[in-house]
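Mind folding the following:
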Amino acid sequence: MTKSICTYGYIPVRHEPSEKSEMTTQILFGETYEVMGKADKWLRIKTDFDSYEGWIDAKLHVSLLDSEVESWIEAPKWVAPGPFVKIVRDTHTAPFIIPGGSSIWFNGSDLSSFVIGNNEYYLTSNYSPVKRPGSIEEIAMTFFQAPYLWGGRSFYGLDCSGFTQIVNKIYGRTIPRDASQQVELGETINFVEEAKAGDLAFFDNSEGRVTHVGICLGGGEIIHSSGSVRIDKLDHQGIFSLQKQAYTHSLRVIKRLV
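Predicted structure coming up:
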């Protein structure tokens, strides 16, 4: 099947081949995907990063050589820091924004340029591909107050598990897309007081299904995407919203990624 590279800030992935269908995730700039099928103007795809399947608008698909895509997949890549990075394409003077978490292989004429298809791109400003991204809490804070968006994985809007996935991707760890998948990872932390910055805290509904996830900051605080990316209090009962002055999520388990 055909593979390609996302050359937009992001490509929305929908549950069904319809503009009215919900967005379930996003493919970020530089991430690759495989085309599994077609229905009218829609393509059924599977992402390479987290094996997520869904439908994208065929107009957003760029035809590339299989060898080019495979080389891009296999090459070591720089993950753009949050919340975003500005790049310029070819001779265009106006930069455009790619979100934190985008994947770039510097295969161009210098260490700040790269080529996809017939286009060459350049970093603007002082982004350094060799600079470490910082601590996981510092990365998480770059998305502070970004709006909540179901299916979102970028600073334009993130859902809870999209937030935790992208923060970890920038940090250098690959984790699955959904909270129900992420909860299967790592070692269980038995007491909230033992939670460290970077641990993932999971929350369930009345039926016992994991429906929410956030990143522990230590000291009884959590950063999570709920309405927006925000910081709230965390204890053995769950998340206590400072804004609502009430508990909003019931704690299921805390996991430490190793």
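
okay, CA-based contacts and neighbour counts for the rest of this
Will do.

For stretch 202-217, measure first residue to last.
With CA to CA, to the nearest Å as the measure, stretch 202-217 spans 14 Å from end to end.

What residues sit buried inside the longest helix seen in the chain?
Ranked by number of residues, the top helix in the chain under DSSP state H is helix 160-171. For helix 160-171, burial by neighbour count (16 or more other CA atoms under 10 Å) applies to 160-171.

S206 in helix, strand or coil?
Following DSSP: H, G, I helix; E, B strand; the rest coil, S206 is assigned to coil.

Quick check: it vs I254, distance?
18 Å.

So these two - more neighbours on which side?
Shown here are S206 and I254; by other CA atoms under 10 Å, I254 has more neighbours (26 against 7).

Now do the same for the more buried one: helix, strand or coil?
Classification of I254 using three-state DSSP returns strand.

Can you tell me the closest non-neighbouring residue to it?
Counting by CA to CA, 6 or more residues apart in numbering, A201 is the residue found nearest to I254 once chain neighbours are left out, at 4.3 Å.

I'd like the buried residues of helix 160-171 laid out as JSON lines, including distance to G238 and pLDDT.
Below are the buried residues of helix 160-171 laid out as JSON lines (distance: CA to CA, whole Å; pLDDT from 0 to 100):
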{"residue": "C160", "distance to G238": "15", "pLDDT": "98"}
{"residue": "S161", "distance to G238": "17", "pLDDT": "98"}
{"residue": "G162", "distance to G238": "20", "pLDDT": "98"}
{"residue": "F163", "distance to G238": "19", "pLDDT": "98"}
{"residue": "T164", "distance to G238": "17", "pLDDT": "98"}
{"residue": "Q165", "distance to G238": "21", "pLDDT": "98"}
{"residue": "I166", "distance to G238": "23", "pLDDT": "98"}
{"residue": "V167", "distance to G238": "22", "pLDDT": "98"}
{"residue": "N168", "distance to G238": "22", "pLDDT": "98"}
{"residue": "K169", "distance to G238": "26", "pLDDT": "98"}
{"residue": "I170", "distance to G238": "27", "pLDDT": "97"}
{"residue": "Y171", "distance to G238": "26", "pLDDT": "97"}
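
Those into a markdown table, with extra columns for distance to E31?
Converted to a markdown table, these look like this (distance: CA to CA, whole Å):
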| residue | distance to E31 |
| --- | --- |
| C160 | 20 |
| S161 | 18 |
| G162 | 15 |
| F163 | 17 |
| T164 | 17 |
| Q165 | 14 |
| I166 | 12 |
| V167 | 16 |
| N168 | 15 |
| K169 | 12 |
| I170 | 13 |
| Y171 | 16 |
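
How many residues are close by S21?
S21 has 12 neighbouring residues, counting by other CA under 10 Å.

That one touches R14, doesn't it?
Yes: contact criterion CA atoms under 8 Å: S21 and R14 qualify, at 6.0 Å.

quick one: contacts for the residue most central in space within the chain?
With distances taken as CA atoms, centre = their mean, I166 lies nearest the centre of the chain, 3.2 Å away. Residues counted as contacts of I166 (CA atoms under 8 Å, 6 or more residues apart in numbering) are 100-101, 153-154.

let's see it at 10 Å
79, 81-82, 99-102, 139-140, 153-155, 158, 172-175, 177 (CA atoms under 10 Å, 6 or more residues apart in numbering).

Alright, that wraps it up for me.
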